[in-house]
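Participant: Give me coordinates for this.
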Amino acid sequence: AIDWQTLKLEPTSFVDERLAGTSSDLLYSVLLRGEPVLLYCLFEHQSTVDPDMPFRLLVYMVRIWEHWRKQAQPGEKPPCIVPIVLHQGGDPWTVSTRFLDWLAVPRELQPELARFQPDFEHALVDLSQMPFEQIGGELLLRLGLTLMKAAREDSLGAWLERFGPSLSELLNRPDRVGVFRVLMRYALHVDAKSPSTVEQFVAKVQDQRIKSDVMSIAEQLIQRGRQEGRQEGEIQFCQEMLGLPVSSVEDLERKEASELQVLLRELEGRLRRRMK
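Facilitator: Numbering: from 1, shown residues only. Alright, predicted model coming up:
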């Protein structure tokens, strides 16, 4: 029903700052059977299921409509929102996807009270319940979702073994080398054992030209992961996202821990403001 050619990313975020470490979101506008709708994608990276998810989604949806109203013409009605939750946790999703189930509505009073309450459902993608072979879609989607699943299940080695040919395929296309870098950075960020795992993957690549490209990129990332502390890496990542000159490891190592904390908070604040 969706005309994917009309898909447009809306550059803003609605996640609470206190949850930014375990949640991230994307908002898209798109045409569905010729009518404008909003797709709100919430990515849950925490290991446990949030029982307040229905309420959080309602809050985010209200924020989206408030944001929309600031740009709307007088009398224009807001578009519908399709909320989608992607759960990356190790345990299955156990919370109802229906908002009304979050409320304490006695069964005998539902006929009288339900019609006065907000009521909606959200779509759910539960990676914990999806085997690798059931994760379909285009190559980049499969690589992204399966890597998220492998990171949570501590199976990065198996992921690299299974999708190595697909990663090599990315390196055959100059416009996809950046995607490879993103995937490897994510792998190094979430899995402490990943440097040695990536090295094992590089050793198994047969095509010498591709192997050279992989080693060049992987070694840079591996070396960065070994030399940088988590804080230094976060600073460099924020600088990259903001389009600022990226500090060298040596410059960051010369700073006191308190200086690094102040710099990181400042960069994160600028990044959050840009996303709103």
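
Participant: from here on, contacts and neighbour counts on C-alpha atoms
Facilitator: Noted.

Participant: Low-confidence ranges, the stretch 101-250 of the chain, go.
Facilitator: Low-confidence regions of the stretch 101-250 of the chain, defined by pLDDT under 70, span residues 185, 188-233, 237, 240-243, 249-250.

Participant: for stretch 98-115, which positions count as buried?
Facilitator: 99, 100, 102 (16 or more other C-alpha atoms under 10 Å).

Participant: Same list, those, but as CSV with distance to residue 151 and secondary structure please.
Facilitator: Listed next are the buried residues of stretch 98-115 as CSV, based on distance: C-alpha to C-alpha, whole Å; DSSP: H, G, I helix; E, B strand; the rest coil:
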residue, distance to residue 151, secondary structure
99, 30, helix
100, 33, helix
102, 30, helix
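
Participant: Same list, those residues, but as JSON lines with distance to residue 178 please.
Facilitator: JSON lines is the format used below for the buried residues of stretch 98-115 (distance: C-alpha to C-alpha, whole Å):
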{"residue": "99", "distance to residue 178": "39"}
{"residue": "100", "distance to residue 178": "43"}
{"residue": "102", "distance to residue 178": "42"}
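
Participant: And those, which is closest to residue 62?
Facilitator: When those are ranked by distance to residue 62 (C-alpha to C-alpha), residue 99 comes first, at 13.9 Å.

Participant: Kindly state the pLDDT recorded for the closest one?
Facilitator: Listed pLDDT for residue 99 reads 96.

Participant: In contact with the nearest residue to it once chain neighbours are set aside, which residues are there?
Facilitator: Leaving out its chain neighbours, the residue that sits closest to residue 99 by C-alpha to C-alpha, 6 or more residues apart in numbering is residue 54, at 5.0 Å. Residue 54 is in contact with 97, 98, 99, 102, counting by C-alpha atoms under 8 Å, 6 or more residues apart in numbering.

Participant: quick check, nearest of those to residue 255?
Facilitator: Taking those together and measuring to residue 255 by C-alpha to C-alpha, the closest member is residue 97, at 47.0 Å.

Participant: I'd assumed residue 124 was in contact with the closest one.
Facilitator: Yes. Between residue 97 and residue 124 there is a contact under C-alpha atoms under 8 Å: 7.5 Å.
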